[in-house]
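Student: Using only what follows, build the 3D model:
(one chain, ligands or ions: 1)
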Amino acid sequence: MNRIDAAFARLQAEGRTALIPFITVGDPDIDTSVDIIRKLAEAGADMIELGVPYSDPLADGPVIQRASERALVHRITILDCMQVAEDARKAGADLPFILFTYYNPVLQLGLESFFSLIANKGISGLIIPDLPIEEDEEVRGLAEAANIHLIPLVAPTSHDRVVRIAAKARGFVYCVSSLGVTGVRSDFHAGIDEFLRSVRDAANVPIAVGFGISSREQVERMAKQADGVIVGSAIVRRIEESLPLLNDPATKEEGLNRIRDYVATLKV
Ligand SMILES: O=P(O)(O)OC[C@@H](O)[C@@H](O)c1c[nH]c2ccccc12
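Tutor: Here you go, the predicted model:
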């Protein structure tokens, strides 16, 4: 069984909601990413989105754009992200990992090379936000052969595409809560409740909501209609705010614990 499926089955039995943090790998550096993942696991994360930094993150707001820039200073590659996942698991963060990458880095490697690189490395899921369902046939086949769930995104503007996207979904359906780019928000798309109901009706796998979530109240609200929540920018912003602590060995643990303590408030 894929570890994402096992995690959702456990959470459903416990009546709990999956907490799925996103971080940019290599922000501020590879070793600290491993430490942060360990702290996210301590905070109660159920699976983690490992973002491959990219030079042109068109769907990202300023917080994640800056994180990508910081990580790209170290020229982080997909191979580095595999190493981070392996090191984090060895360090005790034994969670399902979802690799998050834009399509271009995958194309630059070539699909066969990309999947040979990530297969059997503890990656359970894959999100490629700019790969539309109309073009994902080959990627889907290679992912399934590697027992890696290709997790699709649906947005409030997906309308009649929701049924087609949800029907092919593996792992979970990623429901984007708002239009526009990633980033903390105080409110979500006006029709979000109806949108989530339409995805729930069309999906045979769990559904998770992302974009803009930063508070326990928002998580509790989304937990009423979804099986999981994804939180990225709010966590990445705390990493950014903690950089002075993280970059000094004398205060690194304090910086890591600040991130852990914030994320722990989001576990419901
Ligand atoms: O950052 P937010 O608003 O919490 O949203 C999650 C998001 O960071 C993560 O899932 C993600 C990072 N980059 C993306 C690009 C497209 C879709 C999703 C993403």
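Student: mind listing what the closest residue to residue 121 other than its chain neighbours touches?
Tutor: Closest residue to residue 121 apart from its sequence neighbours, by Cβ to Cβ, 6 or more residues apart in numbering: residue 82 at 4.6 Å. Where you see a C-beta, it was placed from the backbone N, CA and C, and this is true even at glycine. Residue 82 makes contact with 117-118, 121, 123, according to Cβ atoms under 8 Å, 6 or more residues apart in numbering.
Student: ok, the residue lying closest to residue 243 once chain neighbours are set aside to residue 195 distance?
Tutor: Excluding the flanking residues, the one nearest residue 243 by Cβ to Cβ, 6+ apart is residue 28, at 5.9 Å. Separation of residue 28 from residue 195 (Cβ to Cβ, to the nearest Å): 36 Å.
Student: go on, residue 184?
Tutor: 20 Å.
Student: Looking only at neighbour counts, state which of the two leads.
Tutor: A side-by-side neighbour count of residue 184 and residue 195, using other Cβ atoms under 10 Å, places residue 195 first with 24 against 18.
Student: Need phi/psi at that one.
Tutor: For residue 195, the backbone dihedrals (degrees, to the nearest 10) come out as phi -60, psi -50.
Student: Does it touch residue 178 like I think?
Tutor: No. The pair residue 195 / residue 178 is not scored as a contact, 10.3 Å apart, by Cβ atoms under 8 Å.
Student: what touches both of those two?
Tutor: Counting by Cβ under 8 Å, 6+ apart, the common neighbours of residue 195 and residue 178 are 156, 189.
Student: Now the closest residue to the ligand within the stretch 151-268 of the chain. Nearest residue, chain neighbours left out?
Tutor: Nearest residue of the stretch 151-268 of the chain to the ligand (Cβ to the nearest ligand atom) works out as residue 232 at 2.1 Å. In this structure, residue 232 finds its nearest non-sequential neighbour in residue 22, 3.3 Å apart by Cβ to Cβ, 6+ apart.
Student: do residue 246 as well
Tutor: Excluding the flanking residues, the one nearest residue 246 by Cβ to Cβ, 6+ apart is residue 255, at 4.1 Å.
Student: repeat for residue 8
Tutor: The shortest distance from residue 8 to any non-neighbouring residue, by Cβ to Cβ, 6+ apart, is to residue 206 (4.7 Å).
Student: Could you do residue 266 as well?
Tutor: residue 219 (5.1 Å).
Student: and if you look at residue 79?
Tutor: What sits nearest to residue 79 in space, not counting adjacent residues and going by Cβ to Cβ, 6+ apart, is residue 117, at 6.4 Å.
Student: Let's see the pLDDT reported for that neighbour.
Tutor: What the model reports as pLDDT for residue 117 is 94.
Student: which residues touch it?
Tutor: By Cβ under 8 Å, 6+ apart, the residues touching residue 117 are 78-79, 82, 109.
Student: Buried only: go through the residues you listed for me.
Tutor: Among the contacts of residue 117, those buried by neighbour count (16 or more other Cβ atoms under 10 Å) are 78, 82, 109.
Student: Close to the ligand: what parts of the protein are there?
Tutor: Proximity of the chain to the ligand (Cβ under 6 Å from any ligand atom) is limited to residues 22, 49, 51, 59-60, 64, 129, 182-183, 210-213, 230-234.
Student: quick one on the thing from earlier: make sure the residue nearest to residue 121 is indeed in a helix.
Tutor: Yes. Per DSSP: H, G, I helix; E, B strand; the rest coil, residue 82 lies within a helix segment.
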